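*Asks:* any chance you can model this:
(one chain, ligands or ions: 2)
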Amino acid sequence: MRAVVMGSGSWGTAVAKVLADAGNDVVMWARRPELAEQINTGHVNGDYLPGIELPQSLRAVSSPKEALAGRELVVCAVPSQSLRDNLSQWLDDLPPDAILLSLAKGVEVSSGKRMSEVIAEVTEFPAEQIAVLSGPNLAREVAQGQPAATVIACADEDQAKRVQAAFATGYFRPYTNTDVVGCEIGGAAKNVIALACGVASGLGYGENTLATIITRGLAETIRLGVALGADITTLAGLAGVGDLVATCSSPLSRNRTFGARLGEGANLDQAQAATNGQVAEGVKSCRSVRALAQTHGVEMPLTEAVYLLCHEGMTVQDMVTNLLGRSTKPEVYGPV
Ligand SMILES: NC(=O)C1=CN([C@@H]2O[C@H](COP(=O)(O)OP(=O)(O)OC[C@H]3O[C@@H](n4cnc5c(N)ncnc54)[C@H](O)[C@@H]3O)[C@@H](O)[C@H]2O)C=CC1
Ligand SMILES: O=C(CO)COP(=O)(O)O
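*Replies:* Ligands and ions are numbered 1, 2, ... in the order given. All right, here's what the predicted structure looks like:
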């Protein structure tokens, strides 16, 4: 396919490499001309993926109009809170028949909308032209060519298969799914849970604590997903359990790293600095995921705790005490 990756951060760059390795004609859009120049001449993105050699065929431009011209697949690789603004700026230049593929894992704070909903609202593209990619995909590992799998979700299965074919390489294995809601909720919620795992790790807690947070994090993610119409099997898959385990376990995760710094005693600004200017989506999405849960009457205690920690000044010690002090209950309750 003729593809463009709109955004040259760590995941956008890794995805552009996968698409180029898979034999597609790929161009990247970088906000800063000097980064586009570095990618074109040095075949490296030193700011986000230092030490990774990019394919010679991969070229970057800093004009959105030039980037989008004639592209069949438009990959949106910007943070979830800026996607609406970015899309508005690209709107006049989006090829009308293109598939728009979202990489962002978050829920918009201002509207409570998932990324596919934001794309539909801004572009007025039909559901069969809107897809999402989500799975256990730490950018650096994928860029190194380590084996990994992902999910391409689109309401139209044939369109999902087109995107799947474009992404399939010897090291990156895409699966299709028509459950867009499940994939998006899995991706957004796991960033919040990974932040909580980071806090536990920063406090010096071991594997029992982490396994408990991951498992109870999955339980609350399933409750929210099902309330929003997701298929529970999606959340048992790569975009649910898979991504949750990878992000909660890896020191490469920006969300986990952010939480770990808080657990070690850093304040919010110091924790932000530890992510090297890259986005830790859970910090903002804990607010919108919590709001979605409240709207749908879903209990999400870990998400609530992360929200209180990041936005209401709760201490990590009080966070732990409050979570463990909740009333006891059966393991399985609610709608599932
Ligand atoms: N890095 C990873 O391992 C993975 C990230 N993701 C998701 O992909 C999305 C993008 O993540 P990354 O590429 O890792 O982020 P990043 O922070 O590394 O890069 C973000 C990119 O968006 C660009 N951008 C354009 N407009 C922007 C604006 N108004 N504000 C901020 N940045 C703007 C930045 O210049 C930068 O190139 C996020 O939603 C993230 O959760 C998903 C899977 C893996
Ligand atoms: O989404 C990711 C892995 O699948 C990346 O997680 P972080 O944004 O926490 O680095």
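*Asks:* pretty sure residue 75 sits in a helix.
*Replies:* No - under DSSP: H, G, I helix; E, B strand; the rest coil, residue 75 falls outside any helix and is assigned strand.
*Asks:* my read is that it contacts residue 13, right?
*Replies:* No - Residue 75 is beyond contact range of residue 13, at 11.2 Å (criterion: CB atoms under 8 Å). For every residue, glycine as well, the C-beta is placed using N, CA and C.
*Asks:* common neighbours of these two, please.
*Replies:* residue 5 (CB atoms under 8 Å, 6 or more residues apart in numbering).
*Asks:* now the strands for the chain?
*Replies:* Assigned by DSSP state E, the chain shows strands spanning 2-6, 25-29, 59-61, 73-76, 99-102, 130-134, 148-154, 172-177.
*Asks:* with mean neighbour count and distance to ligand 2 added, can I get those strands in TSV?
*Replies:* Formatted as TSV, the entries for these read as follows, by neighbours: other CB atoms under 10 Å; distance: least, CB to the nearest ligand atom, whole Å:
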stretch	mean neighbour count	distance to ligand 2
strand 2-6	25	16
strand 25-29	25	19
strand 59-61	20	22
strand 73-76	26	15
strand 99-102	26	13
strand 130-134	28	8
strand 148-154	25	9
strand 172-177	19	13
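*Asks:* turn those strands into JSON lines, including distance to residue 193 and mean pLDDT.
*Replies:* Listed next are these as JSON lines, based on distance: least, CB to CB, whole Å; pLDDT from 0 to 100:
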{"stretch": "strand 2-6", "distance to residue 193": "27", "mean pLDDT": "98"}
{"stretch": "strand 25-29", "distance to residue 193": "30", "mean pLDDT": "98"}
{"stretch": "strand 59-61", "distance to residue 193": "34", "mean pLDDT": "98"}
{"stretch": "strand 73-76", "distance to residue 193": "24", "mean pLDDT": "99"}
{"stretch": "strand 99-102", "distance to residue 193": "20", "mean pLDDT": "98"}
{"stretch": "strand 130-134", "distance to residue 193": "15", "mean pLDDT": "99"}
{"stretch": "strand 148-154", "distance to residue 193": "18", "mean pLDDT": "98"}
{"stretch": "strand 172-177", "distance to residue 193": "21", "mean pLDDT": "98"}
